[in-house]
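Enquirer: Got a predicted structure here, sequence first:
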Amino acid sequence: MAEIIPAILPKSYGELETKLDIVAAHTNAVQIDICDGVYVPNRTWPYIRGASDKMGDRIFESLVNQEKALPHWEEIDFEFDLMVKNPHEKIPDFISAGASKIIVHRESVDETELANIVRDYGKHSGELEPFDVELGIALKPSDIVDSIREIASQIHFVQVMGISKIGFQGQKFDSRAEDLVRALKSTYPTLPISVDGGVTSDTAKLLVSAGADRLIVGSYLFNATDFSGTLERLGFLKEFYGA
C-alpha cells in the first residue's frame, strides 16, 4: 500500500496556514512546494516578494531563526520540494524551518553542486543525522535510471515527477513517469520511490503497480468536494492495490 502525501503550492503564508489546518486532521505528513521564479517561472511562499506577502516574508525569517514554528509542527512532518536555483545554499534555511525531508531537482544542479549536496546531506553525512532529515532527488519523466546511478546509494529516496512542467499543479499526467518508476524499482529495489504530479485515482493504480511507494497529491485532493473521502480512497481502497 502506498503512502499518500498531500502537496501544498502556497501563494502566501496565509494559504499555507489554511491548508495545513485541513491536512492536519487527516495525515501526518505534507509536502510544501517551493518555487523561486528562477529555476521555475512560478513563485510561491517564501519567494513572493513585495506587498502581496510581506507577512510571509517576515514569518519565514522567524522560522529560519527558530523564533516561530510552522502550524501543527508537533503533528505533521514537513517535506520541502525545492524547485529553486542554487538549492545547496538554501537547504540549511529549510532544515531550520522544520524540514523532515528535502527534495532537490536533478535538473536544477550541475555535477559539482549535486556532489556537494549529497556530501553534506546524503545518507553518509553527519550534517543531517542530528535533525533526522532525509534527502531525495527529483527526476523528470524524461530522465533515465542512470541519472542517479552515481548517487543512488547515498540518497534516502527518489521522487519521479508525474508531469513535465514542474512548479504548477493540475497538469495532465505524463505516462513516461510510469515507465521510469518501473525501471527505477527494477534497478534499485530498496530505494523508496515517490511520485509527484498528475496523481489521480486512475494514475495511482498504475504507479503503485509499477513500484511507487509514496504518492504526492496536490490539486486532485484540494479541489475535491470531499478531501477526507478522496484521501481515504487513494490510500486504502483495495481495488487500487490488489490487497
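Expert: Okay, I see it.
Enquirer: Next one: the closest residue to Val181 other than its chain neighbours from Ala29, what distance?
Expert: For Val181, ignoring the flanking residues on the chain, the nearest one in space by C-beta to C-beta, 6 or more residues apart in numbering is Ala210 at 4.3 Å. (C-beta placed from N, C-alpha, C; glycine too.) As judged by C-beta to C-beta, to the nearest Å, Ala210 and Ala29 stand 22 Å apart.
Enquirer: Give the residue spans of the protein that score low on pLDDT.
Expert: Judged by pLDDT under 70, the chain has its weakly predicted residues at 1, 49-57, 127-131, 235-243.
Enquirer: Tell me where it has helices.
Expert: Using DSSP state H, the helices found in the chain span residues 13-24, 54-64, 87-96, 111-121, 176-187, 201-210, 219-222, 227-236, 238-241.
Enquirer: Looking at the ones you listed, spot the one closest to Tyr47.
Expert: Shortest distance between Tyr47 and these, using C-beta to C-beta, is found for helix 54-64: 9.1 Å.
Enquirer: so the residue nearest to Val181 touches Arg182, yeah?
Expert: Yes - counting by C-beta atoms under 8 Å, Arg182 is a contact partner of Ala210 at 4.2 Å.
Enquirer: tally of neighbours for Ser201?
Expert: A total of 13 residues lie near Ser201 under the criterion other C-beta atoms under 10 Å.
Enquirer: typo on my end, Pro46
Expert: Other residues within reach of Pro46 by the criterion other C-beta under 10 Å amount to 24.
Enquirer: picking up where we left off before, in a markdown table, list the helices of the chain along with distance to Pro6.
Expert: Compiled in a markdown table, the helices of the chain are given as follows (distance: least, C-beta to C-beta, whole Å):
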| stretch | distance to Pro6 |
| --- | --- |
| helix 13-24 | 5 |
| helix 54-64 | 20 |
| helix 87-96 | 18 |
| helix 111-121 | 24 |
| helix 176-187 | 19 |
| helix 201-210 | 14 |
| helix 219-222 | 5 |
| helix 227-236 | 7 |
| helix 238-241 | 17 |
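Enquirer: List the buried residues of stretch 79-88.
Expert: Under the neighbour-count criterion of 16 or more other C-beta atoms under 10 Å, stretch 79-88 has 79-84, 87-88 buried.
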